[in-house]
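Q: Requesting a structural model of the entry that follows:
(one chain, ligands or ions: 2)
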Amino acid sequence: MIIVLRPHISEEDLNRVVEQVRELGLTPHVSRGVTRTIIGCIGDEDLLREAPLLSLPAVETILPIEKPYKLAAREFTARPTHVALGAAAIGDGGVHVIAGPCSVEDRPMLRQTAEAVKAAGAVALRGGAFKPRTSPYSFRGLGSAALDMLVEVREETGLPVVTEVLDTRHVALVAEKADCLQVGARNMQNFALLTEVGETRRPVLLKRGLSATLEDFLLAAEYILARGNPNVILCERGIRTFERALRCTLDIGAVPYLKQETHLPVIVDPSHAAGRRDLVPALAMAAVAAGADGLLIEVHPDPDHARSDGDQSLRLDTFAAVMEQVRDVAAAVGRPSATPVG
Ligand code: PEP
Ligand code: MN
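A: Residues are numbered from 1 along each chain as shown. Ligands and ions are numbered 1, 2, ... in the order given. Next up is the predicted model:
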């Protein structure tokens, strides 16, 4: 349920309502908009329905959230959520690009990639240390050695780092080293992992499962939010359909749908959707035009020799060119985007 308060109420009036919600045994989440404040309430909704809260002068109306997800629902907060990643606020209306290699392979390639993506205007470096691979015989990442390389390169470049966590046993370690925890498509419904990353306060980049509906996706985000971590970034990365020409089918409609349905930021990964690098630029531009808050793009200094996802990884110079195109599209649809620093 949400309690909508009258415009411009005093702090004292607000506190009175919050107190009453607590006395009923519900958890209030106060969210202040420009003129209005709303209180999202989690708990037994019948208690709220029966309580005489509507008679309080500060309360304008009480509305149910008719969705299975509550904390993730658009109505739950008065303004969109901004997730801080270094100096960037994902969800602030700008277009923010996170980029890097699928896997961290060694220090020099990570450093070279980080410098290039930073110079091209990326706001964060993404590199896999623990890799989910379809085959157990494929390269599965360098693990904690890669985390240390990410930390070093962050120190050198100032770029915040994003990396995937695959296992509940690694959450504390990855949360200690990385600025943002990626939960991959294959783990979107690993409820133990969602709960564990929800216990941290690190931003979580949650990727849509290969066969997850948008409702499943938002309920997965709800798991993280329900543990008290509000810093969730949703990432559409393509779903599996009957179509085989591309690696996945990028669900571009998911972007405007999610932007209406939730206050959480929504980014798009055109790399895993396309599966081949020549299609990545067009999908990246389409995502920005559709309203994405950012992009996650795989980049490699020598994609033909990459240890994972080389086919879809952009070369460093192509990435810089795509950033230009993304900036043009962002400007055409009235959105600010980061400019290169190098
Ligand atoms: C990745 O980001 O490299 C990855 C494995 O992504 P996904 O979970 O979307 O397949
Ligand atoms: Mn990858």
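Q: So for stretch 257-277, what gets flagged as buried?
A: Applying a neighbour-count criterion of 16 or more other Cβ atoms under 10 Å, one finds 258-259, 261-275, 277 buried in stretch 257-277. Yep, even glycine has a C-beta here, placed from its N, CA and C like the rest.
Q: next one: stretch 26-39
A: For stretch 26-39, a neighbour-count test (16+ other Cβ under 10 Å) marks 26, 28-31, 37-39 as buried.
Q: before we move on, the earlier item: from the buried residues of stretch 257-277, which ones fall inside helices?
A: Cross-referencing those against helices under DSSP state H gives 258-259, 261, 270-274.
Q: nearest to Asp302, of these?
A: Closest to Asp302 out of those is Ser271 (16.2 Å), distances taken as Cβ to Cβ.
Q: the bottom helix or strand of this structure by mean pLDDT?
A: Among the helical and strand segments of the chain, the one scoring lowest on mean pLDDT, DSSP states H and E is helix 45-50, with a mean of 84.
Q: can you give me the strands for the stretch 101-250 of the chain?
A: The residue ranges that make up the strands of the stretch 101-250 of the chain, judged by DSSP state E, counting those that start in this stretch, are 124-126, 161-164, 180-183, 204-207, 232-236.
Q: Quickly run through the sheet partners of the fourth one, with directions.
A: Right, strand 204-207. Based on DSSP bridges, the pairing partners of strand 204-207 within the sheet are strand 180-183 (parallel), strand 232-236 (parallel).
Q: what does the stretch 1-150 of the chain put close to ligand 1?
A: Remark: the part of the stretch 1-150 of the chain in contact with ligand 1 comprises 102, 128, 132, using Cβ under 6 Å from any ligand atom.
Q: again, only using 5 Å
A: Counting by Cβ under 5 Å from any ligand atom, the stretch 1-150 of the chain comes close to ligand 1 at Cys102.
Q: quick one: the residue of the chain most remote from its centre and ligand 2, what's the gap?
A: Distance from the C-alpha centroid of the chain, by Cα atoms, centre = their mean, peaks at Ser55 (39.2 Å). Noted for Ser55: a distance of 56 Å to ligand 2, by Cβ to the ion, to the nearest Å.
Q: so what's that residue up against?
A: Under the criterion of Cβ atoms under 8 Å, 6 or more residues apart in numbering, the contact list for Ser55 is empty.
Q: Of all the residues in the stretch 201-342 of the chain, which one is nearest ligand 2?
A: Asp309 (3.7 Å; Cβ to the ion).
Q: thought that residue was touching Cys102?
A: Yes: if you go by Cβ atoms under 8 Å, Asp309 and Cys102 touch, sitting 3.7 Å apart.
Q: higher neighbour count, the two?
A: Regarding Asp309 and Cys102, a neighbour count based on other Cβ atoms under 10 Å identifies Cys102 as having more, with 25 against 20.
Q: For the more buried one, report the pLDDT, please.
A: Looking at Cys102, its pLDDT reads 98.
Q: And for the one 5 residues further on?
A: At Arg107, the pLDDT value in this model is 98.
Q: leaving aside the residues next to it on the chain, what's closest to it?
A: Leaving aside its chain neighbours, Arg107 sits nearest to Met149 (5.3 Å; criterion: Cβ to Cβ, 6 or more residues apart in numbering).
Q: and if you look at Arg315?
A: For Arg315, ignoring the flanking residues on the chain, the nearest one in space by Cβ to Cβ, 6+ apart is Pro303 at 6.2 Å.
Q: dump the residue contacts of the one you found.
A: When contacts are taken as Cβ under 8 Å, 6+ apart, Pro303 is in contact with 277, 310-311, 313-315.
Q: Kindly provide the distance from it to ligand 1.
A: Shown here: Pro303 relative to ligand 1, a distance of 14 Å by Cβ to the nearest ligand atom, to the nearest Å.
Q: quick one: that residue and Met149, what's the gap?
A: In this structure, Pro303 lies at 19 Å from Met149, with Cβ to Cβ, to the nearest Å as the measure.
Q: Equivalent analysis for Leu295, please.
A: In this structure, Leu295 and Met149 are separated by 23 Å, where distance is defined by Cβ to Cβ.
Q: What is the end-to-end distance of stretch 44-59?
A: One end of stretch 44-59 sits 19 Å from the other (Cα to Cα, to the nearest Å).
Q: So for that stretch, what gets flagged as buried?
A: Neighbour-count burial for stretch 44-59 [16+ other Cβ under 10 Å]: 48, 51, 53, 56, 58-59.
Q: Cool, thanks, signing off.
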